[in-house]
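1. Please find the sequence and the predicted model below.
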Amino acid sequence: MASKTSIRQLAPKVVFFLIIMFVSSIPVNSITCRDVLPPLLPCLSFATGAVPPPPSADCCSNVQTLASKVTTTEDRRTLCKCYQSIPPSTGIKPDRIQAIPQYCKVNVTIPTDPHVDCNR
């Protein structure tokens, strides 16, 4: 039988995986949620506050790679919508998401505010 601690540690990862499965069905042009979310899994522990700053090197590397692929307004809108489709129950903290580009020294032109209008 698994301990309560291990279930609590595993639960956000399972929820995040299920979210990836759900949002990957959102149709978009060149970048899809399926393309975006799995590479960002190394950022999950930072995004939920499970580990102190800074995010891991893998997280930063993947964010840099992703930022280089987001080249059009439609890509930015898609990424914004992917982010907004993640329910609050995952424990992802918007302030942590907003801090990742600064920690990783990546210029991201994608809104990281969960309440922003992605179509603007």
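-> Yep, it's here. Residues are numbered from 1 along each chain as shown.

2. Tell me who's in contact with the closest residue in space to Asp113 that isn't next to it in sequence.
-> Closest residue in space to Asp113, ignoring its immediate chain neighbours: Pro94 at 6.9 Å, by C-beta to C-beta, 6 or more residues apart in numbering. For glycine as for every other residue, the C-beta is placed from the backbone atoms N, C-alpha and C. Neighbour list for Pro94: Thr112, Asp113, Pro114 [criterion: C-beta atoms under 8 Å, 6 or more residues apart in numbering].

3. same check, this time on Ala67
-> Going by C-beta under 8 Å, 6+ apart, Ala67 touches Pro101, Val106, Asn107, Val108, Ile110.

4. need the helix or strand of the protein with the lowest average pLDDT.
-> The least trusted helix or strand in the chain, going by mean pLDDT, DSSP states H and E, turns out to be helix 4-23, with a mean of 57.

5. What about the spatially closest residue to Gln84 that is not a sequence neighbour, how many residues nearby?
-> Computed as C-beta to C-beta, 6+ apart, the closest residue to Gln84 that is not its neighbour in sequence is Pro114, at 5.8 Å. A count of neighbours around Pro114, defined by other C-beta atoms under 10 Å, yields 14.

6. Ramachandran angles for Pro114?
-> Backbone torsions for Pro114, taken as degrees, to the nearest 10, come to phi -70, psi -10.

7. now Gln64: how far from Cys43?
-> From Gln64 over to Cys43 the distance is 12 Å, taken as C-beta to C-beta, to the nearest Å.

8. Looking at the two, which one has more neighbours?
-> In terms of neighbours (other C-beta under 10 Å), Cys43 is the more surrounded of Gln64 and Cys43; the figures are 22 against 15.
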